[in-house]
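Undergrad: got a structure for you, letters missing:
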């Protein structure tokens, strides 16, 4: 295929109904497609119809065009139109994910630089593939963003215990202040608490986190109860049980499974005073919400199933 035919094929990426087929044909062209694809990507006008240039990124990645993808990510982008900006964000995210295949210092530093300038879900996910602690501050910051949070959480899971210290600090750092904390800061702290329940906490970590049992927001208090079940002493778990019963009445539905799992842990505790406190709280039926009564019934059923097993 000569150069003019390759250029014509690149332009056919604009036909949305035939994108996949065109992309495969371009891959078959080999290195001869790199220069026209680079021009299509870098000089193409940002648009709400972003799929053609997104596919150009994917083809360039298949052709091993790391330099061209890095060049695209380095381009300054200041787009005011939200629809066009969404499209360009999607292309950037795709480019970042593809670049993660090259585990080089150059790529890692570029991803860090882009993330400092503008957080994108794909950039966060790509940083996670490197499993490097230098990215921790940016990954924790990304927990404040609804779009980036799932990728940031997965990246922090991959780092495991290496992320523990920064997650502990994040849990204890309302922004800009305890009295004027923003919703995004609350989201970050909730996410960090949930991650710590997965990663695990050391005894000294729990001593600094124990105060979170006093939080009024159930989205903070219930994850703190989960940590108390893992790392707390019997006194902590008794307090956690009380917090659980109080918070459950106002917790949203997304937290009800956590309430159930925490109750199971507390009732299976080897510490009799902990079990007795949960039983005492459960016996105050007139004070319980209907949802808490249903949760308790499911917990009792699961405990009976354990006994019969």
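TA: Structure received. Note that the structure is a prediction, hence the values are computed from the model and not measured.
Undergrad: what about residue 281, which helix or strand?
TA: Per DSSP states H and E: residue 281 is located in helix 272-283.
Undergrad: quick one: contacts for the closest residue to residue 189 other than its chain neighbours?
TA: Closest residue to residue 189 apart from its sequence neighbours, by CB to CB, 6 or more residues apart in numbering: residue 171 at 5.3 Å. Quick note: C-beta positions are derived from backbone N, CA and C, even for glycine. The contact partners of residue 171, taken as CB atoms under 8 Å, 6 or more residues apart in numbering, are 189, 192-193, 196, 209, 212.
Undergrad: again, only this time at 6 Å
TA: The contact partners of residue 171, taken as CB atoms under 6 Å, 6 or more residues apart in numbering, are 189, 192-193.
Undergrad: show me where pLDDT drops low in the stretch 201-309 of the chain?
TA: 286, 309 (pLDDT under 70).
Undergrad: for it, what spans make up the strands?
TA: In the stretch 201-309 of the chain, no strands are found when defined by DSSP state E, counting those that start in this stretch.
Undergrad: on that earlier part again, would you mark the buried spots in the helix holding residue 281?
TA: Under the neighbour-count criterion of 16 or more other CB atoms under 10 Å, helix 272-283 has 274-275, 277-278, 281-282 buried.
Undergrad: ok, now stretch 137-154?
TA: Applying a neighbour-count criterion of 16+ other CB under 10 Å, one finds 138-145, 148-149, 151-153 buried in stretch 137-154.
Undergrad: again, but for stretch 225-243
TA: 225-229, 231-232, 236-241, 243.
Undergrad: what residues does it touch?
TA: 197, 201, 206, 213, 221, 244, 262, 265-266, 271, 273-274, 277-278.
Undergrad: Would you mind checking those for buried ones?
TA: 197, 201, 206, 213, 221, 244, 262, 265-266, 274, 277-278.
Undergrad: re the thing from before, format the contacts of residue 171 as TSV; extra columns: neighbour count and distance to residue 36.
TA: As requested, the contacts of residue 171 are exported to TSV (neighbours: other CB atoms under 10 Å; distance: CB to CB, whole Å):
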residue	neighbour count	distance to residue 36
189	26	48
192	24	46
193	26	50
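Undergrad: with the residues you listed in mind, which one is nearest to residue 59?
TA: Checking those against residue 59 by CB to CB gives residue 192 as the nearest, at 38.4 Å.
Undergrad: buried residues in the helix or strand containing the closest one?
TA: If you go by DSSP H and E, residue 192 is part of helix 183-199. For helix 183-199, burial by neighbour count (16+ other CB under 10 Å) applies to 185-197, 199.
Undergrad: I'd like the distance between the spatially most central residue of the chain and residue 188.
TA: Centroid-nearest residue in the chain: residue 150, 2.3 Å away (criterion: CA atoms, centre = their mean). From residue 150 across to residue 188, the span is 14 Å (CB to CB, to the nearest Å).
Undergrad: How about residue 213?
TA: 19 Å.
Undergrad: same deal with residue 281?
TA: 31 Å.
Undergrad: swap in residue 66?
TA: Separation of residue 66 from residue 188 (CB to CB) stands at 33 Å.
Undergrad: Please name every helix or strand in contact with the helix holding residue 192.
TA: On a contact count with 3 or more CB pairs under 6 Å, 6 or more residues apart in numbering; DSSP states H and E, helix 183-199 meets helix 164-171, helix 218-231.
Undergrad: Make JSON lines out of those and add distance to residue 305.
TA: As requested, those are exported to JSON lines (distance: least, CB to CB, whole Å):
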{"stretch": "helix 164-171", "distance to residue 305": "34"}
{"stretch": "helix 218-231", "distance to residue 305": "20"}
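Undergrad: mind checking which of the ones you listed is nearest residue 297?
TA: helix 218-231 (19.3 Å).
Undergrad: give the contact list for residue 140.
TA: The neighbours of residue 140, taking CB under 6 Å, 6+ apart as the test, are 166, 170.
Undergrad: Tell me, how many residues neighbour residue 305?
TA: 9 (other CB atoms under 10 Å).
Undergrad: nope, residue 301 is what I was after
TA: For residue 301, the neighbour count with other CB under 10 Å is 10.
Undergrad: what does residue 126 give?
TA: 28.
Undergrad: again, but for residue 208
TA: Close neighbours of residue 208, defined as other CB under 10 Å, add up to 13.
Undergrad: What of residue 219?
TA: Neighbour number of residue 219 under other CB under 10 Å is 20.
Undergrad: Name the nearest residue to it, sequence neighbours excluded.
TA: Excluding the flanking residues, the one nearest residue 219 by CB to CB, 6+ apart is residue 190, at 4.9 Å.
Undergrad: surely the one you found meets residue 217?
TA: No: at 8.2 Å, residue 190 and residue 217 do not qualify as touching, with contact defined as CB atoms under 6 Å.
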